[in-house]
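K.L.:
predicted model and sequence below, questions to follow.
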Amino acid sequence: MRIAGFVPELLRHLFKKPATVDYPFRKLEVPKDFRGTPFLHPETCIVCRACERDCPAEAIEIVEVNAAEKRFKMTIHNDRCVHCAQCVDSCPTDAMEMDDKFEISAFSRWDLKEEWEYVRAVVKPKPAAPAPQAAPAAPVSPSPVKPSESET
Amino acid sequence: MKFQIPIGPQHPALKEPISLRMTVEGEVIRDADLRLGYNHRGIEKLAEERTYLQNIYLTERICGICSHSHTTCFVQGVEALLEVVAPRRGQFLRYLVAELERVHSHLLWLGVAGHEAGFDSFFMYTWRDREVVMDILEMISGNRVHYAINTLGGVRRDIDEALRTKILDSLGILRARTDYYFKLGANEPSFVGRLAGVGRLSKEDALALCAVGPTARASGVAHDVRRDDPYGIYGEIPFEVCTADSCDVLGRTVVRIKELGQSYNIIEYLLRNLPDGPVAVKAPRRAKPGEVVSRDEAPRGENIHYIKANGSDKPERLKVRAPTLANYAATLARLKNGFIADIPLIFAAIDPCICCAERTVELIDGRSGRPTVVRWSDLRRRAARRAGRVSKKRNVECPL
Ligand code: SF4
Ligand code: SF4
């Protein structure tokens, strides 16, 4: 190749559209299974604490608000969350889910906290032989009958 | 006259916090020394307090670029301890992501090499084409950088037929672009003139200094863990180990571009022969006491994890030998008798990952020459003594 053998390629690119998008005005689509921010469906949470135990960033905190009413409060500390979706995989009742938001910066880390207060649900956990969709979750989903073990 | 000049840990010419001490005579480097520890994060210690499952996400964060290599290495080791074997489809997907990661890492490196050599158009083009791989990785795993696809006993996500076809189609674009880069990288006189003969490392030195990965292969040492000690399904995949004999930065460029071609072939093989079945099996949480050494070929070379289990659900010890650490000795040898202006290029040629390779320091007593142990209480006392000397900042609010 001669010196400046690169020039034809450069010229060709002069007439191409830019490879980037004007970000704040136009946004790229995220893929279907994007791992955004975790959130809870409180109506199906059985408070087995599997998510709390498996979260690698210790971002999930479940506290009992009222023992008699079986009221619990879950806090997801999004300032600590590493968006790994392990809580989604660990949850036996699919109460955890990831959304597709990626613009989640805030001025203070305290603004990144999300809380749910709810009554413990009585839901049957997923069947032992999971559907193909749930298959990846199988190796980590703990059986929900052992919640006490995780607390110790 | 000789001078010693410090370079780094914060230096505008370096992208990562390397700390070098150079003894120079004029423009020529006579001696080079490396200081580790600036970016030490204590990951090995932290791993002892996390369960095996949580540690997958921790080891992923050892490195931002070869994140999958570290989890693969860790997961392979833990699976051996837990006595589970990932199903075949799971293994195919695991090593599919590993090869895609190699492609993205090598394309990234090509761009960095172009940038360090002053060829910024090359940098722009390779990084644009790298987006093709990044998009595929994002579609497979849900994230661009930390794929989090490995789990104990397999992988966490499956791919469908549409995605499989899409990856196979994208390979066409990548192959065409890589051929073009090969032509350009190996023939463009200004680029070749900048890279050829810089940072020479002879075959004997590469062997003696235990260089790994493309650094060693560019010196004619045909070492590749995928072939020498096949892990997972690599034993059945046909591929070649690419080497070069020029022993310089140009050779490292050529090796990496050739390896890109091999990776495309491996990806195609994996996708065309993808077996049916589950992608993961259930793994126990506790491992029987034992120890294991796991290795894999990261894009930068051989990666080693040593895991010791004590019967609980947490490892007793995790030791990580990242490829950059193995390449440091060879890099220092290559810096000697080179020019100061070549430092970024020579360092870039091993594709250094500084935080992968950071280690804590040992304190050596200056008088007796013996290593000393500093306790936490000593450190606090020293800090307090030091703090006593500086004027107090008033009304400082601690944010945490
Ligand atoms: S996504 Fe990961 S880090 Fe975030 S809350 Fe769930 S388990 Fe924890
Ligand atoms: S794992 Fe699911 S059901 Fe269990 S506490 Fe977490 S969200 Fe609730």
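P.N.:
Ah, there it is. Numbering: from 1, shown residues only, chains lettered A, B, ... in the order given. Ligands and ions are numbered 1, 2, ... in the order given.
K.L.:
looks like B:D224 contacts B:A298 (just checking).
P.N.:
No: the pair B:D224 / B:A298 is not scored as a contact, 11.2 Å apart, by CB atoms under 8 Å. Placement of C-beta: from N, CA and C, glycine included.
K.L.:
these two: who's more crowded?
P.N.:
Remark: of B:D224 and B:A298, B:A298 carries more neighbours, 31 against 25, as counted by other CB atoms under 10 Å in any protein chain shown.
K.L.:
list the residues that contact the more buried one.
P.N.:
B:A298 sits next to B:66, B:69-70, B:73, B:213, B:322-323 when contact means CB atoms under 8 Å, 6 or more residues apart in numbering or on different chains.
K.L.:
could you redo the last one with a cut-off of 10 Å?
P.N.:
With contacts taken as CB atoms under 10 Å, 6 or more residues apart in numbering or on different chains, B:A298 has the following neighbours: B:63, B:65-70, B:72-73, B:98, B:101-102, B:105, B:212-213, B:225, B:304, B:322-324, B:351, B:353, B:356.
K.L.:
all strands of the chain, in order?
P.N.:
Answering for chain A, as no chain was given. A:38-40, A:60-66, A:71-77, A:96-98, A:113-119 (DSSP state E).
K.L.:
switch to chain B, that's the one I care about
P.N.:
B:2-7, B:19-25, B:28-35, B:150-151, B:154-155, B:290-298, B:301-309, B:315-321, B:363-364, B:371-372.
K.L.:
could you dump those strands into JSON lines and include mean pLDDT?
P.N.:
Converted to JSON lines, the strands of chain B look like this (pLDDT from 0 to 100):
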{"stretch": "strand B:2-7", "mean pLDDT": "86"}
{"stretch": "strand B:19-25", "mean pLDDT": "88"}
{"stretch": "strand B:28-35", "mean pLDDT": "88"}
{"stretch": "strand B:150-151", "mean pLDDT": "94"}
{"stretch": "strand B:154-155", "mean pLDDT": "94"}
{"stretch": "strand B:290-298", "mean pLDDT": "93"}
{"stretch": "strand B:301-309", "mean pLDDT": "94"}
{"stretch": "strand B:315-321", "mean pLDDT": "92"}
{"stretch": "strand B:363-364", "mean pLDDT": "74"}
{"stretch": "strand B:371-372", "mean pLDDT": "76"}
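K.L.:
quick one: closest of these to ligand 2.
P.N.:
Judged by CB to the nearest ligand atom, the one of these that comes nearest to ligand 2 is strand B:150-151, at 16.0 Å.
K.L.:
returning to that earlier point: out of the strands of chain A, deepest packed?
P.N.:
Ranked by mean neighbour count, the strands of chain A are led by strand A:38-40 with a mean of 21 (mean count of other CB atoms under 10 Å in any protein chain shown).
K.L.:
mind listing the strands that strand pairs with, and their directions?
P.N.:
According to DSSP bridges, strand A:38-40 forms sheet pairs with strand A:96-98 (antiparallel).
K.L.:
can the partner strand be found next to ligand 2?
P.N.:
Yes: using CB under 6 Å from any ligand atom, strand A:96-98 reaches ligand 2 at A:M96.
K.L.:
residues shared between the contacts of B:D224 and B:A298?
P.N.:
Residues touching both B:D224 and B:A298 (CB under 10 Å, 6+ apart): B:212-213.
K.L.:
which helix in the chain runs the most residues?
P.N.:
Let's take chain A. Taking DSSP state H as the criterion, chain A has its longest helix at helix A:7-14.
K.L.:
that answer is for a different chain, and I need it for chain B
P.N.:
helix B:88-116.
K.L.:
burial count for the closest residue to A:I104 other than its chain neighbours?
P.N.:
Closest residue to A:I104 apart from its sequence neighbours, by CB to CB, 6 or more residues apart in numbering or on different chains: A:T37 at 5.8 Å. For A:T37, the count of nearby residues is 17 (other CB under 10 Å).
K.L.:
go on, B:R144?
P.N.:
Residues lying near B:R144 (other CB under 10 Å) number 15.
K.L.:
correct me if wrong: it contacts B:H104.
P.N.:
Yes: between B:R144 and B:H104 a contact is recorded at 9.2 Å, counting by CB atoms under 10 Å.
K.L.:
which neighbours do those two share?
P.N.:
Listed as contacting both B:R144 and B:H104 by CB under 10 Å, 6+ apart are B:131, B:133-134, B:137.
K.L.:
and B:A208, how far from ligand 2?
P.N.:
From B:A208 across to ligand 2, the span is 53 Å (CB to the nearest ligand atom, to the nearest Å).
K.L.:
ok, B:L325 next?
P.N.:
Taking CB to the nearest ligand atom as the criterion, B:L325 is separated from ligand 2 by 38 Å.
K.L.:
so what's that residue up against?
P.N.:
Counting by CB under 10 Å, 6+ apart, B:L325 touches B:36, B:212, B:301, B:303-304, B:352-353, B:356-359.
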